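**Student:** compute the structure for the input listed below.
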Amino acid sequence: MCGIAGFYHPRQNYLEKESYYKTILNCMTKRLYHRGPDEQGIYLNEHIGLAHARLSIIDLVSGGQPMLRSFGERTYVIVYNGEIYNAEELKKELQQQGMSFQTTCDTEVILLGFIANGPDFVKKLNGIFAYAIIDVAKNSLYLFRDQAGVKPLFYTLYEDTLIFSSEIKGLFEYPGFTPKVTSEGLNEIFSIGPAKTPGCGVFDKVKEVLPGEMVCYNQSGFTKELYWKLVSKPHEDSYEETMERTGFLVTDAIRRQMVSDVPICTFLSGGIDSSIVTAVCANELKKKNKQLDTFSFDFVNNEEFFKANKFQPSRDLPYALKMAEHFNTNHHLLECDNVMLAKRLHDSVLARDLPAMADIDSSILHFCSLVKQYDKVALTGECADEIFGGYPWFHSEEAKKSHSFPWSRDLSARKQLLKDEFLQCLHMDEYVQNAYETTVSETPYLAEDSEDERRLREISYLNLKWFMQTLLDRMDRTSMYSGLEARVPFADIRIIEYLWNVPFSMKAPDGIVKGLLRMSCSGLLPDDILWRKKSPYPKTYDPGYESLVATQLLEVMNDSSSPIVSFIDKKKLDSFLHTPSDYGKPWYGQLMAGPQTLAYLLMINDWLETYHIETVI
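**Tutor:** Below you'll find the model as predicted:
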């Protein structure tokens, strides 16, 4: 993967101050260096500046960017972050159209595809991507983001200049554009976070290109449009045909995403999703007499403190070890202690430019930094639960009847530590309800859907547009912070489109959670792995961690210069710290409970302080 950034003004001549604007581009590149430590490049002409930081995965020699190609008298330039998994098929099509290639990288496929077919070529891409293309002759800039939203791309219009970057931090390298947060952004942090509203960059004036969206800016103005969206249609395959099709799509996506000119590895939790990915990769490499590297993660002394609950019924490690033995992988168990877990909270804020999923993010970020010491590309099992209905709220009558985000139905835990006057300014319930209803209103139904089917579509749509995006953001930032490319085969757009229209009764036959996925992969995994009850990503249950972050938060609150003092009620916090934590009742998702509340508040303070954010309420 890579990092991209740039700026564009249709009527400004950057070459009049060439050195000045090249310095800005170099600063943008430095801020994204962690995403692409292998090679950096910039491009500047009259109206556009482009910056690129490269992580070399495909065509290590000739795939540098920005990439420029001329066709006749017209010139085009691209900066791109991602991987295209049907690049070879598209390359053959373009060669038949008369296009000539100079490299073997997918960057050139996208660029020549744009030259030959225009912006609509993006509709043919199967992959994960965010890219910018400048049509020099037309003086037009285009921004594109993949259909599932795996790769990030943020932008702002600042004094008629469009500034864009893979990560928000890159935007602030443009002179004059500074971090500011209004009541809307504070609601995103306190009312909705660590999720965020689709298209919202939380900082004032910062937007994110939506999944499946194209942005265009030129002398005629600024436009944006969705080139892709979910479409509901009747599912006509029998259950046997559905199993066969699902099995093919899943295994084909995994095989396609193994493409790399450097070795790959997998994250292996011992759950069904990562185990399926590992099984396919191990079998494919075995054909080439190669052994797969696998990695599982846990916390120091977690076996001593683990407490089974309805969200985490069992530990992962025994199942991961069984998988590694069964498929003869080169397995590595990576562990994290309390001190490192708390220390990495700061790095997680830097990685995401926002408060994140507390120690869930900080642990993954730490583990990714360790994996990078072995490999550059990792395949993960992310997104299967959103697509196949694996979360508890898909199967909960309470969630179906509750008209709110199913992973965060009760705002009381979010409100309990905030100052009363701040609560009055936020209008949290109204903000969250509006965000919820806006998304639900976009859900594509079928006329023949029953009331129950309509509600399940809504829950599925909410998961794809919100919860999955939060986890994809987490995976991208925590991995790319160390220059590790993490791929998500289950987010293949063909899988998303097909499973969207599979009735939930097929996804969970006889109430079996993710039964369709399990049955479609029958024979691929040992039975006790295949039918294991879902257990989410692990978190620490060591009370020493909570004590550590509680002490750090009290130190922050005792410093009157700490930004978060403006929002947190010290008396409420003292009362909270003397109340036993509930490890089994999360306020966001399945993992964020009492200790994560403290860690999240630390992250908020760190974010406000590190980014020197001006707050305007």
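**Student:** from what I can see residue 522 touches residue 531, true?
**Tutor:** No: using C-beta atoms under 8 Å, residue 522 is not in contact with residue 531, being 9.8 Å away. Placement of C-beta: from N, CA and C, glycine included.
**Student:** list the contacts of the helix or strand harbouring residue 436.
**Tutor:** According to DSSP states H and E, residue 436 maps onto helix 428-441. By C-beta atoms under 8 Å, 6 or more residues apart in numbering, the surrounding residues in contact with helix 428-441 are 187, 190-192, 197-198, 403-405, 411, 414-415, 458, 461-462, 465-466.
**Student:** same deal with stretch 229-239?
**Tutor:** 212, 242, 245, 444-446, 448, 457, 461, 464, 496-497, 500-503, 506, 509.
**Student:** for this protein, give me the ranges with low pLDDT.
**Tutor:** For the chain, residues meeting the criterion pLDDT under 70 lie at 1, 56-63, 304-315, 536, 580-584.
**Student:** helix or strand next in line after the longest strand along it, which one?
**Tutor:** Counting by DSSP state E, the longest strand found in the chain is strand 74-84. Toward the C-terminus, strand 74-84 is succeeded by helix 87-96 as the next helix or strand (DSSP H and E).
**Student:** distance from that next one to the middle of the chain?
**Tutor:** Using C-alpha atoms, centre = their mean, to the nearest Å, the mean C-alpha position of helix 87-96 is found 29 Å from that of the whole chain.
**Student:** before we move on, what about stretch 132-152?
**Tutor:** 19 Å.
**Student:** what comes up buried for it?
**Tutor:** 132-136, 139-152 (16 or more other C-beta atoms under 10 Å).
**Student:** ramachandran angles for residue 215?
**Tutor:** Backbone geometry at residue 215, expressed as degrees, to the nearest 10, gives phi -110, psi 140.
**Student:** wait, it touches residue 155, no?
**Tutor:** Yes: using C-beta under 8 Å, residue 215 is in contact with residue 155, at 6.9 Å.
**Student:** if I look at these two, which residues touch both of them?
**Tutor:** Joint contacts of residue 215 and residue 155 (C-beta under 8 Å, 6+ apart) are 143, 209.
**Student:** the more surrounded of those two?
**Tutor:** Between residue 215 and residue 155, residue 155 has the larger neighbour count (other C-beta atoms under 10 Å), namely 26 against 21.
**Student:** I figured that one hits residue 162, correct?
**Tutor:** Yes: under the criterion of C-beta under 8 Å, residue 155 makes contact with residue 162 at 6.1 Å.
**Student:** rewinding a little: now the longest strand of the chain: buried residues?
**Tutor:** Neighbour-count burial for strand 74-84 flags 76, 77, 78, 79, 80, 81, 82, 83, 84 (criterion: 16+ other C-beta under 10 Å).
**Student:** got the angle for that strand vs helix 87-96?
**Tutor:** 160 degrees (axes from the mean of the first three to the mean of the last three C-alpha atoms, to 10 degrees).
**Student:** give me the nearest residue to residue 540, chain neighbours excluded.
**Tutor:** residue 299 (4.1 Å; C-beta to C-beta, 6 or more residues apart in numbering).
**Student:** report the contact partners of that neighbour.
**Tutor:** 335, 336, 337, 341, 363, 538, 539, 540, 541, 542.
**Student:** what distance do you get for the third one to residue 544?
**Tutor:** Distance, residue 337 to residue 544, using C-beta to C-beta, to the nearest Å: 9 Å.
**Student:** settle it for me: which of the two has more neighbours?
**Tutor:** Set residue 337 next to residue 544 and count neighbours by other C-beta under 10 Å: residue 337 wins out with 16 against 13.
**Student:** among the buried residues of stretch 132-152, name the ones in strands.
**Tutor:** The strands, defined by DSSP E, take in 132, 133, 134, 135, 140, 141, 142, 143, 144, 145 from the buried residues of stretch 132-152.
**Student:** dump those to CSV, plus distance to residue 476.
**Tutor:** Formatted as CSV, these follow (distance: C-beta to C-beta, whole Å):
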residue, distance to residue 476
132, 17
133, 21
134, 24
135, 28
140, 28
141, 23
142, 22
143, 17
144, 16
145, 12
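**Student:** make sure residue 512 is actually in contact with residue 506.
**Tutor:** No: the pair residue 512 / residue 506 is not scored as a contact, 10.9 Å apart, by C-beta under 8 Å.
**Student:** who has more neighbours out of those two?
**Tutor:** Taking neighbours as other C-beta under 10 Å, residue 512 and residue 506 compare with residue 506 leading, 18 against 13.
**Student:** mind listing what that one touches?
**Tutor:** Taking C-beta under 8 Å, 6+ apart as the test, what residue 506 contacts is 235, 239, 242, 516.
**Student:** of these, keep whichever come out buried.
**Tutor:** Applying 16+ other C-beta under 10 Å to those flags 235, 242, 516 as buried.
**Student:** any idea which of those is closest to residue 265?
**Tutor:** Ranked by distance to residue 265 (C-beta to C-beta), the buried ones among the contacts of residue 506 are led by residue 516 at 27.5 Å.
**Student:** and for the closest one, nearest residue in space, chain neighbours not counted?
**Tutor:** Per C-beta to C-beta, 6+ apart, closest to residue 516 is residue 507, 4.8 Å.
**Student:** kindly report the same for residue 297.
**Tutor:** The nearest residue in space to residue 297 (C-beta to C-beta, 6+ apart) is residue 367, at 4.7 Å.
**Student:** C-alpha coordinates for stretch 187-207, PDB please?
**Tutor:** C-alpha atoms of stretch 187-207 as PDB (Å, rounded to 0.1, in the frame of the first residue of the first chain):
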ATOM      1  CA  ASN A 187     -20.600  14.900  18.700                       C
ATOM      2  CA  GLU A 188     -18.700  12.600  16.400                       C
ATOM      3  CA  ILE A 189     -16.200  12.000  19.100                       C
ATOM      4  CA  PHE A 190     -18.400  11.800  22.200                       C
ATOM      5  CA  SER A 191     -21.800  10.600  20.800                       C
ATOM      6  CA  ILE A 192     -20.800   8.300  17.900                       C
ATOM      7  CA  GLY A 193     -17.100   7.600  18.200                       C
ATOM      8  CA  PRO A 194     -15.000   5.600  17.600                       C
ATOM      9  CA  ALA A 195     -17.300   5.400  14.600                       C
ATOM     10  CA  LYS A 196     -17.900   8.400  12.400                       C
ATOM     11  CA  THR A 197     -20.600   9.500  10.000                       C
ATOM     12  CA  PRO A 198     -20.000   8.400   6.400                       C
ATOM     13  CA  GLY A 199     -18.200  11.100   4.500                       C
ATOM     14  CA  CYS A 200     -17.400  13.100   7.700                       C
ATOM     15  CA  GLY A 201     -13.800  13.900   8.600                       C
ATOM     16  CA  VAL A 202     -14.600  15.100  12.100                       C
ATOM     17  CA  PHE A 203     -12.400  18.100  11.800                       C
ATOM     18  CA  ASP A 204     -14.100  21.200  10.500                       C
ATOM     19  CA  LYS A 205     -14.300  21.400   6.700                       C
ATOM     20  CA  VAL A 206     -12.700  17.900   6.300                       C
ATOM     21  CA  LYS A 207     -14.600  15.400   4.300                       C
END
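**Student:** who's in contact with the spatially closest residue to residue 512 that is not a sequence neighbour?
**Tutor:** Once flanking residues are discounted, residue 512 sits nearest to residue 518: 7.0 Å by C-beta to C-beta, 6+ apart. Listed by C-beta under 8 Å, 6+ apart, the contact partners of residue 518 are 272, 512, 530, 531.
**Student:** which among the residues you listed end up buried?
**Tutor:** Applying 16+ other C-beta under 10 Å to the contacts of residue 518 flags 272, 530 as buried.
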